[in-house]
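Participant: Can you look at this prediction? I've put the sequence above it.
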Amino acid sequence: MSTRFLVSGMVQGVGFRWFVARHARSLGLAGFARNLPDGRVEVVVTGPDEALPALERLLRSGPASAQVEAVERSSDPAPVPSGKSFDII
């Protein structure tokens, strides 16, 4: 099962997905980050449960140019593509 984060605020056009990808890979997480039409960034990950709190902290801070207002976390039964890659969509 995967975990889905929805990040809102000023998170598009500021390198947020690249920031997430770099940190998710370093934490051993697979999945993807993508911009949503409503201005949020969706992050879906799978991997070690112990890495999720660290990722969530990073999502709440974001890169220096971002202004994160909220992070929603939920379990997502949709599978993440197999392998250990983390993609930017």
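Facilitator: Noted; the coordinates are in hand.
Participant: drop to CA atoms for contacts and neighbour counts, all remaining ones
Facilitator: Fine.
Participant: Flag the shaky bits of this protein, pLDDT-wise.
Facilitator: Across the chain, the ranges flagged by pLDDT under 70 are 1, 76-83.
Participant: So which residues of it form helices?
Facilitator: For the chain, the helices defined by DSSP state H cover 16-26, 52-61.
Participant: in the last one, what counts as buried?
Facilitator: By 16 or more other Cα atoms under 10 Å, the buried positions in helix 52-61 come out as 52, 55-56, 59-60.
Participant: picking that back up, could I get the helices of the chain in a markdown table, plus columns for distance to Glu72?
Facilitator: Listed next are the helices of the chain as a markdown table, based on distance: least, Cα to Cα, whole Å:
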| stretch | distance to Glu72 |
| --- | --- |
| helix 16-26 | 15 |
| helix 52-61 | 9 |
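Participant: Of the ones you listed, which is nearest Val7?
Facilitator: helix 52-61 (7.3 Å; Cα to Cα).
Participant: Need the residues that contact the closest one.
Facilitator: In this structure, residues lying in contact with helix 52-61 by Cα atoms under 8 Å, 6 or more residues apart in numbering are 7, 20, 23-24, 27, 67-71.
Participant: how near is Leu36 to Met10?
Facilitator: Counting by Cα to Cα, to the nearest Å, the separation of Leu36 from Met10 is 12 Å.
Participant: Compare those two and say which one has the larger neighbour count.
Facilitator: Applying other Cα atoms under 10 Å to Leu36 and Met10 shows that Met10 carries more neighbours, namely 17 against 13.
Participant: Which residue lies closest in space to that one, excluding its sequence neighbours?
Facilitator: Closest residue to Met10 apart from its sequence neighbours, by Cα to Cα, 6 or more residues apart in numbering: Gln67 at 4.9 Å.
Participant: residues in contact with that neighbour?
Facilitator: Contacts of Gln67 by Cα under 8 Å, 6+ apart are 9-11, 61.
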